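Enquirer: For reference, the sequence and a predicted model appear below.
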2 protein chains.
Amino acid sequence: MSTLARAGSGLSASQLKAACSNCGLRELCLPVGLSDAEMKRLDELVTRKSTVRRGDSLYRAGQPFEALFAVRTGFFKTRTGSPDGREHVTGFQMAGDLLGLDGIGDDIHACDAVALEDSQVCVIPYAHLERLAGEFKELQRQFHRVLGREIVRDHGVMLLLGGMKTEQKLAAFLLNLSRRLGERGFSPTALVLRMTREEIGTYLGVTLETVSRCFTRFQDDGLLRVRHKHIEIVDLAGLQALVGDAAR
Amino acid sequence: MSTLARAGSGLSASQLKAACSNCGLRELCLPVGLSDAEMKRLDELVTRKSTVRRGDSLYRAGQPFEALFAVRTGFFKTRTGSPDGREHVTGFQMAGDLLGLDGIGDDIHACDAVALEDSQVCVIPYAHLERLAGEFKELQRQFHRVLGREIVRDHGVMLLLGGMKTEQKLAAFLLNLSRRLGERGFSPTALVLRMTREEIGTYLGVTLETVSRCFTRFQDDGLLRVRHKHIEIVDLAGLQALVGDAAR
DNA sequence: CGGATGCTTGAGGTCTATCAAAGCGAGTGG
DNA sequence: CCACTCGCTTTGATAGACCTCAAGCATCCG
């Protein structure tokens, strides 16, 4: 929010040179374990940044896939339309997360990516990335790792959706959010939710009312302090005990 | 089952040369759109076959990841342990499907792969595959497609688990199975299930009793004919109507 | 400051999990 | 080859969780 305010409003922020080599997110994004020389070549790859306003789509299902996106600032959800019309959220992405992997399979995006707040992304042209991956062994390896982790992450969500009750689901969701915010230097216990109860609900496979009720139950049990979008985790161990252990 | 009988029992079937270039599954597996020369190099890659007996694991969660596996014959399930001890099935794999992608992310397998019938797989050493992918643009592209499709497939399962009722889940499951069997030259309407009701249940996020009851309900409604593991799809359109449309 | 959106809370009904028991089949060993 | 046993499946009864419908309230934003 604070960094965004400065960079915001201006239309094409292309003046600011996007540079992976000095990006504060480089530990979270693609380039890890690359040599300086390789890092410089990667800088050439990521030449463009893009700003997405809250509520707008970065891409939509059905659109041709041309690039991956790395979130610099802001918050996104990815959603796919359920066959019966309702929407289903497949994930939430924050700074350092990669967006667009759903397009790799068939060169067509399989879901929408919607900004939940004003956001900024790096544009990574995919053809360019594949070319570079062919040249740099380490980049290739790293890219495969990212894809592989996404697959494992999805399996974790399947476990969550298929094998847990509402309380466990919500606890796992909050712990996941807490951990990721902590990794990015934010407080892991004082969260501000960027998404609505309904979005949490379709992500977890329950209704928004059930999410709301579960929040108040957690508060009554002394696990959380809930004031609308502001969540304070009071008893982190208690939440972990609910899930069993699996945080990711 | 019939082809297996011949190749079975013998311990190392290395006598039989595994060759992608003349494999009947090459349309389903990795190599699609490769030139003859590239195909020959790929043959070098897949030098080993392995036999897995029903009930045995091809690999287990926690084991070091060294190779991908392509199913030649047979049927597998992949499962991950739920935090509270129960097992959750993440997928079913048949001839032409790839196994082991869960290990790419962190060089450790994230789930078990268990044979549901006596099976045979091609072993694809991963280090070798990555090397070759660096050389052959088309192989690299194809490999990325496979990973990308797996991600999209997982999103489809998340949709199924999170947004559908039992009837829709089971219908979607049967339609998926039917389609994949059809693509492999089997009857798309007369299926023999290789998995138990419980395995279907944990895959769909319901109990085995609910699966069983749903089968009988489908039979009563004239959609199926069910005799234990033998399922005959009577009204395919009716099943599709239940789901809405999304088959995959 | 006022409308709109999102959140909370309640009541009732449905669906599914759970516990329990019996029936059928496939595979095994005599 | 047959009988037996074990595992899988089916079916029933009950209780509890979640969804649905409905209303009132807080908050955010222009």
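Expert: Now that the structure is in, tell me what you want to look at. Keep in mind the model is a prediction, meaning the values are calculated, not measured.

Enquirer: okay but A:E66 is in contact with A:Y126, surely?
Expert: Yes - at 6.2 Å, A:E66 counts as touching A:Y126 under the criterion of CB atoms under 8 Å. Any C-beta I mention is one placed from the backbone N, CA and C, and that applies to glycine too.

Enquirer: from the chain's centre, how far out does stretch A:108-128 sit?
Expert: 11 Å (CA atoms, centre = their mean, to the nearest Å).

Enquirer: Quick check on A:S119: phi, psi?
Expert: phi -140, psi 160 (degrees, to the nearest 10).

Enquirer: quick one: low-confidence parts of chain A?
Expert: Residues of chain A meeting the criterion pLDDT under 70: A:1-18, A:28, A:31, A:245-248.

Enquirer: Write out the residues of it neighbouring DNA strand D.
Expert: Taking CB under 7 Å from any atom of the strand as the contact definition, chain A meets DNA strand D at A:165-167, A:205-207, A:209-210, A:227-229.

Enquirer: Please check these and keep the buried ones.
Expert: A:166-167, A:205-206, A:210 (16 or more other CB atoms under 10 Å in any protein chain shown).

Enquirer: Tell me the one among those nearest to A:D235.
Expert: A:E167 (13.5 Å; CB to CB).

Enquirer: element containing that closest one, please.
Expert: helix A:166-183 (DSSP states H and E).

Enquirer: Ok, A:L139 next?
Expert: With DSSP H and E as the test, A:L139 turns up in helix A:137-163.

Enquirer: and the residue nearest to the spatial centre of chain A, how far is that from A:R72?
Expert: Closest to where the C-alpha atoms of chain A average out (CA atoms, centre = their mean) is A:Q93, at 1.2 Å. Using CB to CB, to the nearest Å, we find A:Q93 at a distance of 11 Å from A:R72.

Enquirer: before we move on, what about A:D220?
Expert: 39 Å.

Enquirer: re earlier: doesn't the residue nearest to the centre of chain A lie inside a strand?
Expert: Yes - using DSSP: H, G, I helix; E, B strand; the rest coil, the assignment for A:Q93 is a strand.

Enquirer: what bridges to it?
Expert: Under DSSP bridges, the beta-bridge partners of A:Q93 are A:F76.

Enquirer: isn't it right up against A:D102?
Expert: No - counting by CB under 8 Å, A:Q93 sits too far from A:D102 to count as a contact (11.7 Å).

Enquirer: distance of the residue nearest to A:R48 when sequence neighbours are not counted from A:L98?
Expert: Once flanking residues are discounted, A:R48 sits nearest to A:V123: 4.3 Å by CB to CB, 6 or more residues apart in numbering or on different chains. Distance, A:V123 to A:L98, using CB to CB: 12 Å.

Enquirer: residue boundaries of the helices in chain A?
Expert: A:2-7, A:36-45, A:126-135, A:137-163, A:166-183, A:197-204, A:208-220, A:236-243 (DSSP state H).

Enquirer: Output the ones you listed in a markdown table, with distance to A:S82 appended to each entry.
Expert: Output for the helices of chain A, formatted as a markdown table (distance: least, CB to CB, whole Å):
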| stretch | distance to A:S82 |
| --- | --- |
| helix A:2-7 | 32 |
| helix A:36-45 | 36 |
| helix A:126-135 | 28 |
| helix A:137-163 | 13 |
| helix A:166-183 | 18 |
| helix A:197-204 | 8 |
| helix A:208-220 | 15 |
| helix A:236-243 | 26 |
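
Enquirer: Much appreciated, bye for now.
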